[in-house]
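Student: model the structure of this input:
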Amino acid sequence: MSDTLEAREQVVDLCLHLVRRGFFAATGGNLALRLDAERIAVTPSALDYYQMGAEDVCILRLADLHQLEGDRAPSVETGLHARVLRRFPAAGCSLHTHQPLASACTLLGEALSVDDPERWPELGRRLPLVGYAPSGTGWLAKRLDRALSAESPAYLLRNHGVLCYGASARQTLAVLEQLEAFCEHYLVGRIASRPGVSAADSLARQRLLTTLTASLPS
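Tutor: From the prediction side, this is the model:
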């Protein structure tokens with residue numbers, strides 16, 4: 001595992017960062033890193049991230065997801081990441097999280113337009129909605145595949161969570177953070193514009209949402 005150790009350690013570091021950020025929790029959330037044109041590193045299935053070591057990370061062949069290294073089973077969401085990394089050869093990282101505000105937006109059941117692309121440059125102009133399918137199924141992976149676009153690096157998985165990709169882990173984290181900030185902005189605006197909501201009530205709800213956001217780990 002000598003030539004993959006650095007990538008395995010990077011996967012562990014990314015997972016711990018996302019746990020501290022409140023975007024991963026226990027065994028929830030997963031990611032994949034591209035090692036080269038043929039191999040990817042993927043988080044293991046059903047393992048608490050605080051217990052995970054570099055030796056637990058799975059190395060798979062991207063073409064058919066045959067496991068090359070690692071004794072643990074790879075994440076059940078590996079198919080999602082594979083669809084992204086096969087479609088976009090320049091993509092180096094794919095992240096799936098259940099981060100709170102973006103996940104809340106998946107319950108709205110609609111794609112979201114990015115109102116000010118210059119303010120949210122990492123997101124593009126649209127956040128596509130991927131229709132609901134059970135977690136870890138080929139059905140969900142196919143639905144994501146149909147929605148994928150080079151213009152949209154962030155996707156809302158209906159009633160589930162989100163998936164983001166980027167050229168590198170750093171860029172993908174930037175997409176993830178900007179997505180959460182945009183979703184806070186979107187939800188605050190939606191609360192304020194509801195018919196019959198008084199200005200005082202709207203302000204109170206906005207403050208509550210801001211307080212909840214501020215309470216997340218950073």
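
Student: how much space between residue 53 and residue 5?
Tutor: Here the distance between residue 53 and residue 5 works out to 11 Å (CB to CB, to the nearest Å). In short, each C-beta sits where N, CA and C put it, glycine included.

Student: the longest helix along the chain: how far from the chain's middle?
Tutor: The longest helix of the chain (DSSP state H) is helix 169-192. Using CA atoms, centre = their mean, to the nearest Å, the mean C-alpha position of helix 169-192 is found 12 Å from that of the whole chain.

Student: for the chain, what spans make up the strands?
Tutor: For the chain, the strands identified by DSSP state E occupy 30-34, 39-42, 58-61, 67-69, 93-97, 112-113, 126-127, 129-130, 154-157, 161-166, in order along the chain.

Student: and residue 195, which of those is closest to it?
Tutor: With CB to CB, the closest approach to residue 195 among those belongs to strand 112-113: 20.1 Å.

Student: which helices and strands sit right next to that closest one?
Tutor: Here strand 112-113 is seen to pack against strand 126-127 when contacts are counted using 3 or more CB pairs under 8 Å, 6 or more residues apart in numbering; DSSP states H and E.

Student: against which helices or strands is the strand it packs on packed?
Tutor: On a contact count with 3+ CB pairs under 8 Å, 6+ apart, strand 126-127 meets strand 112-113, strand 154-157.

Student: out of the ones you listed, which comes closest to residue 95?
Tutor: strand 154-157 (9.7 Å).

Student: just the mean pLDDT for that closest one, thanks.
Tutor: The average pLDDT for strand 154-157 rounds to 98.

Student: got a list of contacts for that strand?
Tutor: By CB atoms under 8 Å, 6 or more residues apart in numbering, the residues outside strand 154-157 that reach it are 96, 102, 105-106, 111-112, 122-124, 127-130, 132, 140, 144, 147-148, 162-164, 175-176, 179.

Student: would you show me how to pick out the buried ones of the residues you listed in PyMOL?
Tutor: This is the PyMOL syntax for the buried subset of the contacts of strand 154-157, where burial follows 16 or more other CB atoms under 10 Å:
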select buried, resi 96+102+105+106+112+122+123+124+127+128+129+130+140+144+147+148+162+163+164+175+176+179
